[in-house]
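**Q** Turn this into a structure:
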Amino acid sequence: MTATGQLTLDLSTEADGFEDGETPKPSGHDRAKQTYLAKVTRLYLSAPDTPRKASRRDWAIANDLYQQGVSLQTLAHAIRFATLRRHLREPELGPLEPIHSLAYYRRVIDLLDPLALDPGYVEYIAWRYRDYFPESAAKQPEYGGF
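**A** Coordinates of the predicted model:
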C-alpha cells in the first residue's frame with residue numbers, strides 16, 4: 001500500500017527468480033517424464049488394433065506407469081505379448097473388439113515380473129511380433145534389444 005492509501009501490485013519477476021521476458025524451463029526430471037510419456041503413447045499407438053490418438057485417460061495411465069517406474073522394455077513386451085495373444089487365439093472364437101485404452105495393456109504389465117522374464121522368451125515374443133506385424137514393429141522403437 002502506498003502513502004496515499006492506494007494498493008499497488010508488484011508485477012516484477014524478480015521475486016520468482018526469472019528476469020523480465022524469461023519463461024520457466026522444465027527441469028531435467030520434467031523433460032525425462034515428458035519423454036517417457038511420449039514414448040509410452042507412441043509405443044501404444046503403434047500397436048495393431050489401437051486408436052489413432054491417445055485419450056486423456058491414456059495420458060493419465062502413462063503418467064501412472066511413469067510414477068510406478070514401469071520400464072519401456074516391460075511395456076514393449078506387454079504390448080507385444082498381449083497383441084500376439086489376441087491375434088493367435090482360436091479362429092472359431094472370432095475376432096476381438098479393437099483396443100480402446102492403454103488400460104488394456106496395464107493389466108498385462110501387472111502380471112509381468114520383469115526380473116523373472118527369460119531374455120530368450122522376450123526375444124522370441126519380439127521375433128514373433130515382428131514376423132506377424134512387420135508394419136507395426138517398424139513403427140516401434142527398439143527397447144532393450146527387443
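
**Q** At which residues are the helices of the chain located?
**A** 28-46, 56-68, 72-87, 103-111, 119-132, 134-139 (DSSP state H).

**Q** quick one, which of the ones you listed is packed in tightest?
**A** helix 72-87 (a mean of 20; mean count of other C-beta atoms under 10 Å). (C-beta placed from N, C-alpha, C; glycine too.)

**Q** just to revisit the earlier point, of all the helices of the chain, which lies closest to Leu96?
**A** With C-beta to C-beta as the measure, helix 72-87 is the member of the helices of the chain nearest Leu96 (5.5 Å).

**Q** CA atoms of that closest one as PDB?
**A** Taking C-alpha atoms only, helix 72-87 is exported to PDB below (Å, rounded to 0.1, in the frame of the first residue of the first chain):
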ATOM      1  CA  LEU A  72       9.700 -49.100 -21.600                       C
ATOM      2  CA  GLN A  73      11.100 -52.600 -22.100                       C
ATOM      3  CA  THR A  74       8.400 -54.000 -19.800                       C
ATOM      4  CA  LEU A  75       5.700 -52.000 -21.600                       C
ATOM      5  CA  ALA A  76       7.000 -53.100 -25.000                       C
ATOM      6  CA  HIS A  77       7.000 -56.700 -24.000                       C
ATOM      7  CA  ALA A  78       3.500 -56.400 -22.600                       C
ATOM      8  CA  ILE A  79       2.200 -54.900 -25.800                       C
ATOM      9  CA  ARG A  80       3.800 -57.500 -28.000                       C
ATOM     10  CA  PHE A  81       2.700 -60.400 -25.800                       C
ATOM     11  CA  ALA A  82      -0.900 -59.200 -25.500                       C
ATOM     12  CA  THR A  83      -1.100 -58.400 -29.200                       C
ATOM     13  CA  LEU A  84       0.100 -61.800 -30.200                       C
ATOM     14  CA  ARG A  85      -2.200 -63.500 -27.700                       C
ATOM     15  CA  ARG A  86      -5.200 -61.600 -29.200                       C
ATOM     16  CA  HIS A  87      -4.300 -62.500 -32.800                       C
END
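
**Q** so for that helix, what's the average pLDDT?
**A** For helix 72-87, the mean per-residue pLDDT is 91.
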